[in-house]
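Peer 1: Got a predicted structure here, sequence first:
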Amino acid sequence: MSIQENHSDQIGRMVEIQPSKDIGQAERFRRRRDRFLTVVSPLILLLIWEIVIQLGLLDSRLFPAPSMIVGTFYDLVASGELWRHLSISLIRIAVGFFFGAIAGVTVGTLMGVMPVVGAVLSPIVASVYPIPKIAIFPLIMVLFGLGEMSKFVVVAIAVFFYMVINTVAGVSNVERIYRDVGRSFRVSRLRSVFQITLPAAMPMIIAGLRVSAGVSLLVLVSAEFVGAESGIGFLVWNSWQVFDVRSMFVGIIVIGFLGWASFTLLDAIERVCLPWAPKNRR
């Protein structure tokens, strides 16, 4: 009787283990498939683009082939012009993004945990947030001049409002039971904010960072169109003015790459900061 029971237990364990192995193999296959498609899909698009131009279906003066753009990219890199514009834009984004994000998270946290602050600032945020930030860039240039400070400020303002809104949403949606547990352990209000509220609100904060990264790039490029003599935005705008279409496309592709790189970086930060998130446990 005991032999039959042991045999039945072994069969039961095999039945339990087998599905988990199948699920793991399916998950690995899905990841490899997604990586493959991520690499191949842009290459297919470029190949179609190249074929269309080579067949003469589009005017290469307006839509140069990828091979032509690669040649121009190499020339701009070799001359150092692309690196000069790219480094200037990266500094502008980094400075503006940093200060805008810090200020936005700070103000958003205060609005979320202190009802009085929320009541005072909510109408101001709600009225100023919808205004396109590039629309107030002329005012910013009047206040801060034509130098680097105006670019820092316009990026910081754009990031600030997105971070305020996401942080308030994240803090406000923290389960009350978490704070109650903190109070039962006599955790101070300040420690509760840093050890309970902000970690629980982190998914919304990182989502705000992800959106703000794209918005900051958009705002900076627009500002460089009209109020700069350097930067990737200036490279695109100046190339258009002199009808240097290949250099213009190089600038556009670099902007797209910066957007992709920012999303990839924030995904890595999310995996480190939120290892418990469902999508990071797969």
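Peer 2: Structure received. Not measured: the values here are computed from a predicted model. Residues are numbered from 1 along each chain as shown.

Peer 1: does Leu62 sit in a helix, a strand or a coil?
Peer 2: Taken by DSSP: H, G, I helix; E, B strand; the rest coil, the conformation at Leu62 corresponds to coil.

Peer 1: So it sits against Phe243, correct?
Peer 2: No. Using CB atoms under 8 Å, Leu62 is not in contact with Phe243, being 9.7 Å away. Just so you know, the C-beta spots here come from the backbone N, C-alpha and C atoms, and that holds for glycine as well.

Peer 1: Could you count how many residues lie near the closest residue to Glu270 other than its chain neighbours?
Peer 2: Nearest residue to Glu270, sequence neighbours excluded (CB to CB, 6 or more residues apart in numbering): Ile206, at 5.1 Å. Each residue near Ile206 was counted by other CB atoms under 10 Å, and the total is 19.

Peer 1: separation between Ile206 and Ile269?
Peer 2: According to CB to CB, to the nearest Å, Ile206 and Ile269 sit 7 Å apart.

Peer 1: One more: Leu57?
Peer 2: For Leu57 relative to Ile269 (CB to CB), the value is 43 Å.

Peer 1: now do Leu146
Peer 2: Taking CB to CB, one finds Leu146 at 34 Å from Ile269.

Peer 1: higher neighbour count, Leu57 and Ile269?
Peer 2: Neighbour tally, Leu57 and Ile269, criterion other CB under 10 Å: the higher count belongs to Ile269, 13 against 9.

Peer 1: Check which element follows the helix or strand harbouring Ile165 along the chain.
Peer 2: Following DSSP states H and E, one finds Ile165 within helix 148-172. Helices and strands here follow DSSP H and E; after helix 148-172, the next one along the chain is helix 176-184.

Peer 1: Check which helices and strands that next one is in contact with.
Peer 2: With contacts taken as 3 or more CB pairs under 8 Å, 6 or more residues apart in numbering; DSSP states H and E, helix 176-184 sits against helix 189-192.

Peer 1: Now do the buried residues in the helix it packs on.
Peer 2: Neighbour-count burial for helix 189-192, counted by 16 or more other CB atoms under 10 Å, picks out Ser192.

Peer 1: send the alpha carbons of it over as CSV?
Peer 2: As requested, the backbone C-alpha atoms of helix 189-192 are provided in CSV (Å, rounded to 0.1, in the frame of the first residue of the first chain):
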residue,chain,number,x,y,z
ARG,A,189,5.5,61.4,9.4
LEU,A,190,8.8,62.3,7.6
ARG,A,191,10.0,58.7,7.7
SER,A,192,6.6,57.5,6.6
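
Peer 1: Next, the buried residues of the following helix or strand past it.
Peer 2: Using DSSP H and E, the helix or strand that follows helix 189-192 in sequence is helix 198-227. Buried residues in helix 198-227, defined by neighbour count with 16+ other CB under 10 Å: 198, 200-213, 215-225, 227.

Peer 1: low-scoring stretches of the stretch 101-250 of the chain, by residue?
Peer 2: Within the stretch 101-250 of the chain, no stretch has pLDDT under 70.

Peer 1: go with 90
Peer 2: 112-115, 118, 127-138, 141-142, 145-148, 171-203, 226-230, 241-244 (pLDDT under 90).

Peer 1: Name the nearest residue to the residue nearest the centre of the chain, ignoring sequence neighbours.
Peer 2: In the chain, the C-alpha nearest the mean C-alpha coordinate belongs to Arg210, at 3.1 Å (CA atoms, centre = their mean). Excluding the flanking residues, the one nearest Arg210 by CB to CB, 6+ apart is Leu266, at 5.0 Å.
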